[in-house]
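Participant: quick one, fold the following:
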Amino acid sequence: MKASSIALTLAAAAITNAQEEPYYNITTAPFFLVVTSEDGGVNDTLSACHVGAALESLCLSNAGAGDAPEPLDGAHFQFNTSIYSQAPEPSFGIPGILTWWLNTTTLDVPSSAAFGLNPISNLASITISPGSDDATLLAFNSQDELTLQAYVPGENFTGSTQEFYRWYACDTSYSSYTYNNLVWGLGAGKPDNPTCISVNVTRVFV
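Facilitator: Residues are numbered from 1 along each chain as shown. The predicted structure is shown next:
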């Protein structure tokens, strides 16, 4: 099946799902995602870089990604939460999903971001694909920084939900192309990819 046919099939499935009442039914205004490192060496926006049929990675806009080495426009993202969700702590943001619209010649397809695990790496890739069934729950803190909330067990049932910021900009490969992508560190250890640079991810509304 050609890539275009696969994309249209995925798009049709996404539209069918969209006709039902979505769980993540509260949508923010569009925003850019700005990636910065502590030393200032990284200061860029994120773009959606094509890596497969209806599949995008979160790449740095000016890194010369894949088969499009010219600088890219920063993508317009949105964040969807649910009327059924609440923040785990009063000072935390409400968890939800990072969304983006895949524009095709015939229709616009709602898509969302999800982590992809590699059993021999301590890094999770981040890809955007149609629909929201597999999306990874994320959140924004009060400074509009992108974070992941997770429960950390303590002694004698004294655990709590905490915010984590294990974002990295790393050189990664898809097929024969190299991209400088946003990835997530699994655990507190040093990334096993030597090109990785620790970064913060902040939203700036359009």
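Participant: quick one: secondary structure of the most far-flung residue of the chain relative to its centre?
Facilitator: Most distant from the centre of the chain: residue 156, at 34.7 Å, with distances by Cα atoms, centre = their mean. Following DSSP: H, G, I helix; E, B strand; the rest coil, residue 156 is assigned to helix.
Participant: tabulate the CA atom coordinates of stretch 184-194 in CSV.
Facilitator: Extracted in CSV, the C-alpha atoms of stretch 184-194 (Å, rounded to 0.1, in the frame of the first residue of the first chain):
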residue,chain,number,x,y,z
TRP,A,184,12.3,12.0,26.9
GLY,A,185,14.8,10.5,29.4
LEU,A,186,13.7,7.3,31.0
GLY,A,187,14.9,7.5,34.6
ALA,A,188,17.3,9.9,36.2
GLY,A,189,20.5,8.6,34.6
LYS,A,190,22.6,10.1,31.8
PRO,A,191,21.2,9.5,28.3
ASP,A,192,22.9,6.7,26.4
ASN,A,193,22.9,8.9,23.3
PRO,A,194,26.1,11.1,23.5
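Participant: next one: it to chain centre, how far?
Facilitator: 17 Å (Cα atoms, centre = their mean, to the nearest Å).
Participant: can you list contacts of it?
Facilitator: By Cβ atoms under 8 Å, 6 or more residues apart in numbering, the residues outside stretch 184-194 that reach it are 115, 117, 121-124, 126, 148, 166-168, 170-172, 183, 196. C-beta: built from backbone N, CA, C; applies to glycine.
Participant: tell me which two in those are the farthest apart.
Facilitator: Spatial extent of those (Cβ to Cβ) is set by the pair 148 and 171 at 22.3 Å.
Participant: looking at these two, which is more packed in?
Facilitator: A direct count of neighbours by other Cβ atoms under 10 Å for residue 148 and residue 171 places residue 148 higher, at 17 against 14.
Participant: now the more buried one. Nearest residue, chain neighbours left out?
Facilitator: Residue nearest to residue 148 in three dimensions, not counting chain neighbours: residue 164, with 4.9 Å by Cβ to Cβ, 6 or more residues apart in numbering.
Participant: residue 34 too?
Facilitator: Excluding the flanking residues, the one nearest residue 34 by Cβ to Cβ, 6+ apart is residue 202, at 5.0 Å.
Participant: and the helix or strand harbouring that neighbour, what does it pack onto?
Facilitator: Assigning secondary structure by DSSP states H and E places residue 202 in strand 197-205. If contacts are counted by 3 or more Cβ pairs under 8 Å, 6 or more residues apart in numbering; DSSP states H and E, strand 197-205 sits against strand 31-36, strand 146-152, strand 167-174.
Participant: flag the shaky bits of the protein, pLDDT-wise.
Facilitator: 1-20, 64-69 (pLDDT under 70).
Participant: how about the helices of it, start to end?
Facilitator: For the chain, the helices defined by DSSP state H occupy 3-18.
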